[in-house]
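J.: got a predicted structure plus its sequence, pasted below:
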Amino acid sequence: MMVARCSMLVGYLVPHRCEGRAMAACIKCARSYCDEHLSLTQAGLLCKACEQGRTQPLLLAATGAAALGALGAADLAGFSAAESTPLDDQDAFSDLS
Ligand SMILES: [Zn+2]
Ligand SMILES: [Zn+2]
């Protein structure tokens, strides 16, 4: 017995196959998708990829790679700031008498 899985690839950085069970086929690409990735149009059921004009069944956040790059730059800036912090421990002991 074969259970059809949804053909959509989803994810932000690493694409993975949608876990949903395929409910129906897209009228344009003929792949099977779960109800979450199908839209009912006047012509019939259209998958989210075809709805967005994509040729591959891939739903990814376009800003994912850019956001990761910005995060890496911020981390590097934090490291260099920590290393250049001046030492002022000497004043902490000047009050002892
Ligand atoms: Zn489609
Ligand atoms: Zn799905």
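T.: Alright, I've got the coordinates. Ligands and ions are numbered 1, 2, ... in the order given.
J.: ramachandran angles for residue 37?
T.: When read as degrees, to the nearest 10, the backbone of residue 37 gives phi -110, psi 20.
J.: contact residues of the protein facing ligand 2?
T.: For the chain, the residues in contact with ligand 2 (C-beta under 5 Å from the ion) are 6, 8, 18, 20, 34, 37. The way it works is simple: take the backbone N, C-alpha and C, and place the C-beta from them, glycine included.
J.: compare the residues you listed and tell me which is most surrounded.
T.: Counting by other C-beta atoms under 10 Å, residue 8 has the largest number of neighbours within the residues of the chain next to ligand 2, with 26 neighbours.
J.: that residue: what's it in contact with?
T.: Contacts of residue 8 were listed using C-beta atoms under 8 Å, 6 or more residues apart in numbering, and they are 17, 18, 20, 33, 34, 37, 47, 48, 49, 57, 58, 59.
J.: state the distance from the third one to ligand 1.
T.: The one in question is residue 20. Look at residue 20 and ligand 1: by C-beta to the ion, to the nearest Å, they are 15 Å apart.
J.: which pLDDT value belongs to that residue?
T.: Predicted confidence (pLDDT) for residue 20: 96.
J.: same check on the last one?
T.: Residue 59 is assigned a pLDDT of 84 by the prediction.
J.: surely it meets residue 6?
T.: No: between residue 59 and residue 6 there is no contact under C-beta atoms under 8 Å: 11.0 Å.
J.: just put the contacts of residue 8 in JSON lines and tack on secondary structure.
T.: Formatted as JSON lines, the contacts of residue 8 follow (DSSP: H, G, I helix; E, B strand; the rest coil):
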{"residue": "17", "secondary structure": "strand"}
{"residue": "18", "secondary structure": "coil"}
{"residue": "20", "secondary structure": "coil"}
{"residue": "33", "secondary structure": "strand"}
{"residue": "34", "secondary structure": "coil"}
{"residue": "37", "secondary structure": "helix"}
{"residue": "47", "secondary structure": "strand"}
{"residue": "48", "secondary structure": "helix"}
{"residue": "49", "secondary structure": "helix"}
{"residue": "57", "secondary structure": "coil"}
{"residue": "58", "secondary structure": "strand"}
{"residue": "59", "secondary structure": "strand"}
